[in-house]
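Undergrad: Got a predicted model here, sequence first, then my questions.
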Amino acid sequence: MIRKMIRAFLLLILLFSLPPAILAKADSLIFYKLRLALNPDSGIRQEARMKLALLCKEKGDFTSSLFYAKSALLEAEKSSNQIHIGEAYTLLGSLYSWKREDEKSLECFLKAEKYLLHNPEKLVSATKGRADMYLRMGNDSMASKLYKLCYKNIGAFRLTSLKRRLELSFGNLYFFRNNLDSALYFYSQALNDAKVESDSSLIMESYLNIGNVYCMKELRLTGQEWLQKALQLDLRLGGKYFLPSIYYNLASNNFLRNDLTHALSDAKSAIQASIITKDYRFLLFSFYLKAGVDSAMGLIDSAYVDRRSYIYLNDSIHNAELYKRMSEMQAKFDFDKKEDELKLIGRDKDLSDQRIRRQIIVSKIITFVLLIFSVLSIVLYLYFRAKQSLNRKLTAQKNDLDEKRKLLSAKSQEIKDSLEYAKRLQEAVLPAILFQPGETLENFVFYKPKDLVSGDFYWRFRNGDQLFIAVADCTGHGVPGAMMSILGYDLLEYALKEKKLREPGEILTAMNNRIIEKLFKNNSDRTKDGMDITLLKLNLSTRELTFAGAKNELVIVSNGILNKYAVDKKSIGYRSGMNYQQERITLHKNDMVYLFSDGYADQKGGEEGKKFNNYRMREVLTGIASLSAEKQHEFLNTEFIRWKGLNSQRDDIIIVGFRCI
C-alpha cells in the first residue's frame with residue numbers, strides 16, 4: 001500500500017511539471033497511468049488499461065500493449081462485467097491480428113462474440129474481426145456472410161467509424177476474389193469517408209489498396225501514383241503502419257515496368273523498413289525481390305548475396321518459432337507472477353485466520369475423498385478406455401474425410417480447367433472487333449458474362465456496303481448458354497453464307513426452322529431451348545436500317561428523343577412455321593443505336609432489392625446518348641456495380657451501341 005502511494009505521488013508531481021500542451025492531451029500515457037494508480041474503481045481501472053493498450057499499439061510497442069490488454073481482461077473478469085470482458089477479448093484479437101498470429105486472434109474474437117451476444121452495437125467489432133481472420137485464412141465464403149451481417153448492424157446503430165473499416169474489408173474480399181472493379185469501388189468509398197472524418201491511417205491504407213488494384217489491372221503508372229501517396233502519408237505519420245508493404249509494392253511495380261534503378265532503390269528501402277519494424281515476412285519477400293532486380297541489372301555478386309540472405313532468413317524464421325514459443329511461456333509466467341503479487345498485496349490482515357479455517361475444511365474433504373478414491377479410480381479407468389476407443393474411430397473417420405476432400409478438390413480443378421478452356425474457345429469465336437474503322441462515328445460493347453462462359457453473344461458480317469450486326473441472348477447461362485451461343489453463331493453463318501439470305505426477317509425465319517430441325521426432332525423432345533435476338537442490316541451509303549427481332553427490342557436515340565421499335569414476341573426455336581417481320585427506317589447523322597439483352601434490366605439491387613427494369617434502362621440510355629462511347633461504357637459499368645451492390649449477378653449482360661456516320 002505504501003509503495004502504491006509513493007508511486008502515485010511521484011506521478012502526480014511529474015504530471016504537474018509537464019507543459020500545458022501535453023497536459024491538454026487526455027490520451028497521453030502519463031494521464032492514464034496516473035488514473036490507473038489513483039482510482040480504486042474497477043471500471044475506471046479497466047478503461048485505463050484498455051486506453052494504455054491502444055496507445056502502446058499506436059507507438060508500435062506490442063509487448064506493453066499485450067500486457068495492458070491482458071491486465072484489462074483480468075480486471076474485467078474480477079468484476080464479472082460481461083461487456084468489459086468482451087471488449088478486452090476484442091482488443092486482444094486485434095493485437096494478435098496485428099502480429100499475424102491468426103489462430104490466437106480468431107480464438108479471442110470468438111470469445112468476444114460470446115460475451116457481447118446481448119450487446120449488438122459492440123458485437124459488430126468482434127464479428128468484423130473474426131471475418132477479417134477468415135478472409136486472411138482463405139475462407140472468403142464465411143467472411144462474406146459475416147461482413148453482410150456487420151453491414152446490417154452498422155446501418156442500425158450508425159457506427160460510422162466501423163462503416164469505413166467495413167468498406168475497406170469488402171474491398172479486401174473482392175480483391176481476394178479477383179473482382180477488381182468491385183474492390184476499387186469499395187476502396188474508393190472507404191477513402192472518401194476517411195477523408196470526411198480525417199482518419200489518416202485509413203486514408204493511407206486506402207491509398208495502398210487502390211494502388212495495388214491498379215497494379216493488378218496493369219495500369220502501373222496510375223498504381224505508382226497511388227502507392228507514392230500512401231508512402232508520403234505513412235512517412236508523415238511516423239512510418240509505423242505499412243512502410244515495408246508500400247516499399248515492397250513500389251519495388252515490384254517498378255520491376256514489372258522495367259524501371260530497374262527505382263526498383264532497386266525501393267527494394268533496399270523495403271529491406272531497411274522491414275528490419276526497423278521487425279516485419280520478417282516482408283524482409284524475406286524483399287530479399288527475394290532484390291535478388292531478382294540485381295540479376296536483371298547484371299549485378300551477379302549482389303544477387304548471390306541477396307539469395308544467400310533469403311535462404312538464411314527463411315531457415316532462421318523456422319528456428320525462431322521455437323524461441324518465440326519459449327518467450328511467450330516466459331512472458332506468461334512473468335505476467336502470472338505479477339498478478340499473484342497484486343493479489344497478495346490486496347489480502348486482508350486476518351489472512352492467517354482464514355488459512356486455519358481453510359485447513360480444517362481441507363482435512364474434512366480429504367477424509368471424504370479417501371473413502372471414494374477407489375470407486376473414482378475405476379470410473380476414470382473405464383472412461384479413458386472408452387475415450388481412446390472413440391478417438392481411434394474419429395481418427396479413422398477423419399482420414400476417410402481427408403481422402404474424399406482431396407478427390408473432390410481434384411474433380412473441382414478438372415471442372416475449372418475445362419471451363420477456362422471453354423472460355424477461350426468462345427472468345428475465339430466472337431469477333432475481335434465488332435465495328436471496323438469508318439463504319440460508325442464511334443461505338444462500344446459492354447459485355448459482362450455471369451460465369452466464365454456466356455449465353456449472350458454478338459456477331460457481324462459485311463457484304464459490300466451492307467453491314468449485318470446481331471446481338472443474341474441464348475437460353476440459360478454458363479455452359480448450357482455457351483453451347484447454345486455457338487449454335488446460334490453457326491446458324492447466322494449458315495443463313496448468310498450458305499443460303500445467301502440478305503433480309504433480316506428471312507434470316508431469323510431460316511434460323512428458327514433450322515434450330516427446330518436440329519434440336520426438336522420429335523414433339524416428345526420439345527424443350528424451351530432457343531434464343532432472343534436482334535438482327536439489323538445497315539446500308540453504310542444510304543443510312544437505311546432494316547431490322548428484325550425475336551423478343552429483343554431495338555432502341556434509337558435521335559436528338560435526345562428515345563424511339564423503341566417493336567419486335568416479334570416469340571423467341572427463335574419457339575415453334576415451326578414462324579415468319580419474322582422486318583422494318584425499315586432511315587437513320588440521321590449522330591443517331592445513337594442500341595442493341596441489348598435483358599440481363600442488365602433484370603439485375604436485382606438498389607435499396608429495395610428490385611429489378612433495374614426496362615423503364616429505368618431506357619431512361620439511362622436517353623441520358624447518356626450524347627456522351628462519347630467510352631464515357632457511356634464507363635457509366636454503364638459504374639451504374640451496374642452501384643445498383644448490384646452486394647447482390648450476385650443474375651444473368652449474362654451485353655449492350656452494343658454505335659453512333660451513325
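TA: Thanks, I have it.
Undergrad: Which helix or strand contains the spatially most central residue of the chain?
TA: Taking Cα atoms, centre = their mean, the centroid of the chain lies closest to Leu173, which sits 1.0 Å from it. Using DSSP states H and E, Leu173 sits within helix 160-176.
Undergrad: Enumerate the positions of that helix that are buried.
TA: In terms of neighbour count (16 or more other Cβ atoms under 10 Å), helix 160-176 has its buried residues at 162-175. For glycine as for every other residue, the C-beta is placed from the backbone atoms N, C-alpha and C.
Undergrad: Tell me how far the residue nearest to the centre of the chain lies from Tyr214.
TA: To Tyr214, Leu173 is 18 Å away according to Cβ to Cβ, to the nearest Å.
Undergrad: Over to Ser377?
TA: Applying Cβ to Cβ, the value for Ser377 to Tyr214 is 69 Å.
Undergrad: ok, these two, which is more surrounded?
TA: Just comparing Ser377 and Tyr214: by other Cβ atoms under 10 Å the higher neighbour count belongs to Tyr214, 20 against 10.
Undergrad: Assign a three-state SS to Leu595, would you?
TA: The assignment at Leu595 comes out as strand when based on DSSP: H, G, I helix; E, B strand; the rest coil.
Undergrad: For it, give the beta-bridge partners.
TA: Beta bridges link Leu595 to Leu554, Val656 when assigned by DSSP bridges.
Undergrad: wait, doesn't it sit right on Leu536?
TA: Yes: using Cβ atoms under 8 Å, Leu595 is in contact with Leu536, at 7.2 Å.
Undergrad: okay, and the common contacts of the two?
TA: 469-470, 554 (Cβ atoms under 8 Å, 6 or more residues apart in numbering).
Undergrad: ok, Ser269 - contacts?
TA: So Ser269 contacts 247, 251 (Cβ under 8 Å, 6+ apart).
Undergrad: following the helix or strand in which it is found, which helix or strand comes up?
TA: According to DSSP H and E, Ser269 maps onto helix 260-277. Read in the C-terminal direction, the helix or strand following helix 260-277 is helix 280-296, with elements assigned using DSSP H and E.
Undergrad: ok, residues contacting that following helix?
TA: Contacts of helix 280-296 (Cβ under 8 Å, 6+ apart): 100, 244-245, 247-248, 251-252, 255, 260, 263-264, 267-268, 270-271, 273-275, 300, 302-303, 306-307, 309-310, 313-314, 317, 320.
Undergrad: List the contacts of the closest residue to Trp459 other than its chain neighbours.
TA: Counting by Cβ to Cβ, 6 or more residues apart in numbering, Trp459 lies nearest to Ala470, which is 4.4 Å off, once chain neighbours are set aside. Counting by Cβ under 8 Å, 6+ apart, Ala470 touches 458-460, 492, 533-536, 595.
Undergrad: Need those residues in JSON lines (columns: distance to Lys57).
TA: JSON lines is the format used below for these (distance: Cβ to Cβ, whole Å):
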{"residue": "Tyr458", "distance to Lys57": "55"}
{"residue": "Trp459", "distance to Lys57": "60"}
{"residue": "Arg460", "distance to Lys57": "60"}
{"residue": "Leu492", "distance to Lys57": "64"}
{"residue": "Ile533", "distance to Lys57": "61"}
{"residue": "Thr534", "distance to Lys57": "60"}
{"residue": "Leu535", "distance to Lys57": "64"}
{"residue": "Leu536", "distance to Lys57": "64"}
{"residue": "Leu595", "distance to Lys57": "57"}
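Undergrad: out of those residues, which are inside helices?
TA: Among these, DSSP state H puts Leu492 in helices.
Undergrad: Now render the contacts of Ala470 as CSV, adding neighbour count, pLDDT and distance to Leu117.
TA: As requested, these are exported to CSV (neighbours: other Cβ atoms under 10 Å; pLDDT from 0 to 100; distance: Cβ to Cβ, whole Å):
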residue, neighbour count, pLDDT, distance to Leu117
Tyr458, 20, 94, 53
Trp459, 21, 94, 58
Arg460, 17, 94, 60
Leu492, 22, 93, 61
Ile533, 30, 95, 55
Thr534, 27, 96, 55
Leu535, 29, 96, 60
Leu536, 21, 96, 61
Leu595, 24, 96, 54
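Undergrad: returning to that earlier point: isn't the residue nearest to the centre of the chain right next to Ser141, touching?
TA: No: taking contacts as Cβ under 8 Å, Leu173 lies outside contact range of Ser141: 10.1 Å.
Undergrad: re the thing from before, which one of the shared contacts of Leu595 and Leu536 sits closest to Gly605?
TA: For those, the minimum distance to Gly605 (Cβ to Cβ) is 25.7 Å, reached by Leu554.
Undergrad: Let me see the confidence value for the closest one.
TA: We have a pLDDT of 95 for Leu554.
Undergrad: was I right about it contacting Val567?
TA: Yes: between Leu554 and Val567 a contact is recorded at 6.9 Å, counting by Cβ under 8 Å.
Undergrad: tell me, what's touching the two both at once?
TA: Common neighbours of Leu554 and Val567, using Cβ under 8 Å, 6+ apart, are Thr534.
Undergrad: about what we covered before: what about the helix holding Ser269, distance to the chain center?
TA: In terms of Cα atoms, centre = their mean, to the nearest Å, the centre of helix 260-277 is set 28 Å apart from its chain centre.
Undergrad: May I see the buried residues of that helix?
TA: For helix 260-277, by 16+ other Cβ under 10 Å, it's 260, 262-267, 269-271, 273-274, 277.
Undergrad: do the same with stretch 545-557
TA: By 16+ other Cβ under 10 Å, the buried positions in stretch 545-557 come out as 545-557.
Undergrad: What secondary structure category should be reported for the residue nearest to Trp459?
TA: Using three-state DSSP, the structure places Ala470 in strand.
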